[in-house]
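**Student:** need the 3D shape of this:
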Amino acid sequence: MNYWMILKISLKALSRNKIRSALTMLGIIIGIAAVIAMVSLGQGAQRQIQEEIASLGDNTVWVRAGSRRSWGVRSASGSMNTLKASDFEAMLNECPAVKAVSPSARSMAQVVFGNQNWNTRIEGYNELYPEMRNWTISQGSFFDDSQVKAAARVAVLGNTVWTELFGGSDPVGQTIRVKNLSFQVMGVFKAKGYNSWGRDQDDVIIVPYTTVQKKFLGGALHVESGLVQAVNARATYAAEEQIRALLRQRHRLGPFQDDDFMVRNLSEIGEAAESTNRMMGLLLAGIAAISLLVGGIGIMNIMLVAVSERTREIGIRMAIGARPNHVRVQFLSESIVLCLVGGVLGLLVGVGISWAIAQLVGWPTIVSLNSVAISMLFSAAIGIFFGYYPAHKAAALDPIEALRYE
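**Tutor:** Coordinates of the predicted model:
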């Protein structure tokens, strides 16, 4: 059996009715394009979620002070003064699942350098903050443990603050004023950009948390929140339970008393976002599958029409020696060619749609080789599945009856 000859005959047969072949492929083109576009959107969203979680820190648990309740009225979260830096030291020493901790204190302030000023967040952490947040220093260095203990007036600038105050010039060693207090600039963070809820992560100044407590919060001993890093990703849930049990014990809370703190596992946020993204992906994939199904039915219908139109041709081929298997392969190859050509065109359209979405809407898209390969295999599978019945019907024709067909 000469497969190259079969392919040439298939292309010639399809070219006789170009418009009909194009309309038949349209369903496959739409279906494959939808699959490529939806998968690229889903993978882009998943990549963005992973990067967002990574920007918050690996294996991170966020501990925050609770809300105050008075006569049935609850204040905002973080308003209680029961969370202290010593609580975080206890977490590090007594919770096996905890690898590192950093208490946190924060304020807002007008920052001045020369004739430039900028209103920004002043956030205090300890010397482990860059490692816990996966945040690298692009210029200078970060403060150390001795400066945290001494409540030193040193600062590391976010990229936005550096641009607004220094206009891109070297800030290391320069002095800025924060609430009329002088701070020495030690370094600048590498730009991180906006997070998923639109907050500029670079519009911040990081100083020792003890400095925020003493200089901006009136010497307060409590902290509003803090970061806790688990030993690995699986240990975040164990760390969460250990932290909750430890804080309830340290804060002397009874069995029926509510927590005066909050523990939030950032892995749960990522899992919830990925779960939502997965559900949306399945929904969109279902819509694309319906398009492919409709396209496949269209191919079966056209191939049945082709068998009916070419009955006499089939009879002549059988009369001069063609076997039923040859006829079956001939019509099956025409169906597969229709689907593969439609699949290639659909692939190009899908990639174009993904690119347009990324450029015009700004949504992240990723076209992977796996999605391309699966789409092409799916196209061939549709051609075989929906083309087999018409091909079998053509092969089952009686040559004598086919020759009499007008």
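**Student:** show me the contacts for the closest residue to Leu266 other than its chain neighbours.
**Tutor:** Closest residue to Leu266 apart from its sequence neighbours, by C-beta to C-beta, 6 or more residues apart in numbering: Thr60 at 4.8 Å. Placement of C-beta: from N, CA and C, glycine included. Residues near Thr60 by C-beta atoms under 8 Å, 6 or more residues apart in numbering: 132-133, 227-230, 236, 266.
**Student:** kindly report the same for Asn126.
**Tutor:** 101-103, 145, 148, 208-209.
**Student:** run a quick neighbour tally on Val361.
**Tutor:** 9 (other C-beta atoms under 10 Å).
**Student:** could I get the pLDDT score of it?
**Tutor:** pLDDT for Val361: 77.
**Student:** equivalent analysis for Ser104, please.
**Tutor:** 91.
**Student:** may I have the secondary structure class of it?
**Tutor:** Put simply, Ser104 is strand when judged by DSSP: H, G, I helix; E, B strand; the rest coil.
**Student:** and it, how far is that from Arg64?
**Tutor:** 9 Å (C-beta to C-beta, to the nearest Å).
**Student:** looking at the two, which is more packed in?
**Tutor:** Ser104 (22 against 18).
**Student:** test my guess that that one contacts Val207.
**Tutor:** No. Look at Ser104 against Val207 with C-beta atoms under 8 Å: they stay out of range, at 11.2 Å.
**Student:** intersection of neighbour lists for those two?
**Tutor:** Common neighbours of Ser104 and Val207 (C-beta under 8 Å, 6+ apart) are 123-124.
**Student:** got phi/psi on Lys190?
**Tutor:** phi -70, psi 140 (degrees, to the nearest 10).
**Student:** surely it meets Asn134?
**Tutor:** No. Taking contacts as C-beta under 8 Å, Lys190 lies outside contact range of Asn134: 10.3 Å.
**Student:** ok so, going back, and which of the contacts of Asn126 is nearest to Val337?
**Tutor:** Ser102 (62.5 Å; C-beta to C-beta).
**Student:** find residues that contact each of Ser104 and Arg64.
**Tutor:** 224-226.
**Student:** just the buried residues from the residues you listed, in ChimeraX please.
**Tutor:** Under the burial definition 16 or more other C-beta atoms under 10 Å, those of these that qualify are selected in ChimeraX by:
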select :224,225,226
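**Student:** which ones among the shared contacts of Ser104 and Arg64 are found in helices?
**Tutor:** Taking DSSP state H as the definition of helices, these contribute nothing to them.
**Student:** a markdown table for the shared contacts of Ser104 and Arg64, including pLDDT and distance to Val35?
**Tutor:** Compiled in a markdown table, the shared contacts of Ser104 and Arg64 are given as follows (pLDDT from 0 to 100; distance: C-beta to C-beta, whole Å):
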| residue | pLDDT | distance to Val35 |
| --- | --- | --- |
| Glu224 | 86 | 47 |
| Ser225 | 89 | 44 |
| Gly226 | 91 | 45 |
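**Student:** let's have the shared contacts of Ser104 and Arg64 in CSV, adding distance to Glu127.
**Tutor:** Output for the shared contacts of Ser104 and Arg64, formatted as CSV (distance: C-beta to C-beta, whole Å):
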residue, distance to Glu127
Glu224, 19
Ser225, 18
Gly226, 14
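**Student:** measure how far stretch 167-177 is from the centre of its chain, please.
**Tutor:** Centre-to-centre, stretch 167-177 and its host chain are 36 Å apart (C-alpha atoms, centre = their mean, to the nearest Å).
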